[in-house]
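S.K.: coordinates only, sequence not included:
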């Protein structure tokens, strides 16, 4: 485990992410340390906006993949190094070892969230989410005379051998939601049967949920099973990509935030959590997220252009997040034994 000093030495207060080191010292501004699994591009924009609204709060960030962040938090459980969890998979947040570290807090605006989007005991709330989608490179498909896939079952077709990349479920929240949804929707036996059949066509399992899409849009592979936002972004940026929402079930994940009971700056930590539910923050989320839990936020133009329906209930599989959390270790253990690459 890295020490606190090496953590921030490594981060350099995230210069790449623009972590808002605006010359304010700890004496001049409150410091809030956030652990997150949000993507780097969105972190940068969110923090810039937060700094404008909370100029006296200095937000320091550690960004890790979903699985790695969980390992980090548990390793530091006896001496937590952060004030808030910010934008981390709800499935992971529901781990009893994690919820034991959180203190109930209902931020301003949380009363407007649906009951399913916040904890009854106030230990977590969600602002955003992501859903599974395929990024299909239409030029690669045409060059190799491959059919357009429309479902997970299609990805078992031998014609796609070596042309599919998926996120690794051990490290990637997107990867885990994909296999968890397949198991929940089909049952354990049929779900694993499909996962193993797809594995025969998978060239690589990548650590990040967005990178399979980036690999596909670059023409390295025909299909990347990824998240809808990565597909929407690729379409918006002009890549030869078609977003495909699998007809046999698009799993999704919500991103949770919460206050660490160990926080030494709870006043500013609460202000930051309040900000994450503000109207200004919610408007920013539509640039990066296909799911926004804050009511009244319209769908983005990029989502509509990529073909995402305005009513996501028509395409989302109704995930049981408590079940996903409870079965996570067992599912990942089975995956490592049967797939493990």
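M.R.: Thanks, I have the structure now. None of these values were measured; they are calculated from a predicted model.
S.K.: where does the protein have low pLDDT?
M.R.: Applying pLDDT under 70 to the chain picks out residues 1-29.
S.K.: Let me see the domain layout of this protein.
M.R.: Per automatic domain parsing, the domain ranges recorded for the chain read 4-128+253-303, 130-251+305-338.
S.K.: All the strands of the stretch 151-300 of the chain, residue numbers only.
M.R.: Counting by DSSP state E, counting those that start in this stretch, the stretch 151-300 of the chain has these strands, from start to end: 164-167, 202-206, 223-227, 241-244, 252-260, 291-292.
S.K.: and those strands as CSV, adding distance to residue 270 and mean neighbour count?
M.R.: From N, CA and C alone the C-beta is placed, and that goes for glycine too. Listed next are the strands of the stretch 151-300 of the chain as CSV, based on distance: least, Cβ to Cβ, whole Å; neighbours: other Cβ atoms under 10 Å:
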stretch, distance to residue 270, mean neighbour count
strand 164-167, 33, 26
strand 202-206, 36, 20
strand 223-227, 30, 31
strand 241-244, 37, 22
strand 252-260, 7, 25
strand 291-292, 22, 22
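S.K.: ok, residue 265 - contacts?
M.R.: 30, 31, 32, 83 (Cβ atoms under 8 Å, 6 or more residues apart in numbering).
S.K.: Residues in a beta bridge with the first one, which ones?
M.R.: This means residue 30. Beta-bridge partners for residue 30, by DSSP bridges, are residue 57.
S.K.: which one of the contacts of residue 265 is nearest residue 74?
M.R.: Among those, residue 83 lies closest to residue 74 (Cβ to Cβ), at 17.2 Å.
S.K.: check contacts around the closest one.
M.R.: Residue 83 makes contact with 32, 33, 34, 259, 260, 263, 264, 265, 266, 268, 269, according to Cβ under 8 Å, 6+ apart.
S.K.: Surely the third one and residue 73 touch.
M.R.: No: distance between residue 34 and residue 73: 12.0 Å, which falls outside the contact criterion (Cβ atoms under 8 Å).
S.K.: shared neighbours, those two?
M.R.: Contacts common to residue 34 and residue 73, judged by Cβ under 8 Å, 6+ apart, are 82, 85.
S.K.: Which of these two has more residues huddled nearby?
M.R.: residue 34 (27 against 23; other Cβ atoms under 10 Å).
S.K.: OK, contacts around the spatially closest residue to that one that is not a sequence neighbour?
M.R.: Excluding the flanking residues, the one nearest residue 34 by Cβ to Cβ, 6 or more residues apart in numbering is residue 86, at 4.2 Å. Contact analysis of residue 86 by Cβ under 8 Å, 6+ apart lists 34, 35, 36, 38, 61, 257, 272, 276.
S.K.: packing partners for the helix or strand where the first one lies?
M.R.: This points to residue 34. If you go by DSSP states H and E, residue 34 is part of strand 30-36. Contacts defined by 3 or more Cβ pairs under 8 Å, 6 or more residues apart in numbering; DSSP states H and E place strand 30-36 against strand 57-63, helix 66-75, strand 84-89, helix 266-276.
S.K.: let's see it at 6 Å
M.R.: The contact analysis (3 or more Cβ pairs under 6 Å, 6 or more residues apart in numbering; DSSP states H and E) places strand 30-36 against strand 57-63, strand 84-89, helix 266-276.
S.K.: Between the ones you listed, which one is closest to residue 321.
M.R.: strand 84-89 (9.0 Å).
S.K.: Give the next helix or strand downstream of the closest one.
M.R.: That would be, after strand 84-89 and using DSSP H and E, helix 90-93.
S.K.: Do you have the helices of the stretch 151-300 of the chain handy? List them.
M.R.: 173-186, 188-199, 211-217, 228-236, 266-276, 279-285 (DSSP state H, counting those that start in this stretch).
S.K.: CSV please, covering the ones you listed and showing mean neighbour count.
M.R.: Listed next are these as CSV, based on neighbours: other Cβ atoms under 10 Å:
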stretch, mean neighbour count
helix 173-186, 25
helix 188-199, 17
helix 211-217, 25
helix 228-236, 25
helix 266-276, 20
helix 279-285, 17
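S.K.: Any idea which of these gets closest to residue 242?
M.R.: helix 228-236 (7.6 Å).
S.K.: Counting by contacts, list what that closest one packs against.
M.R.: Under the contact criterion of 3+ Cβ pairs under 6 Å, 6+ apart, helix 228-236 touches strand 125-137, helix 211-217, strand 241-244, helix 301-306.
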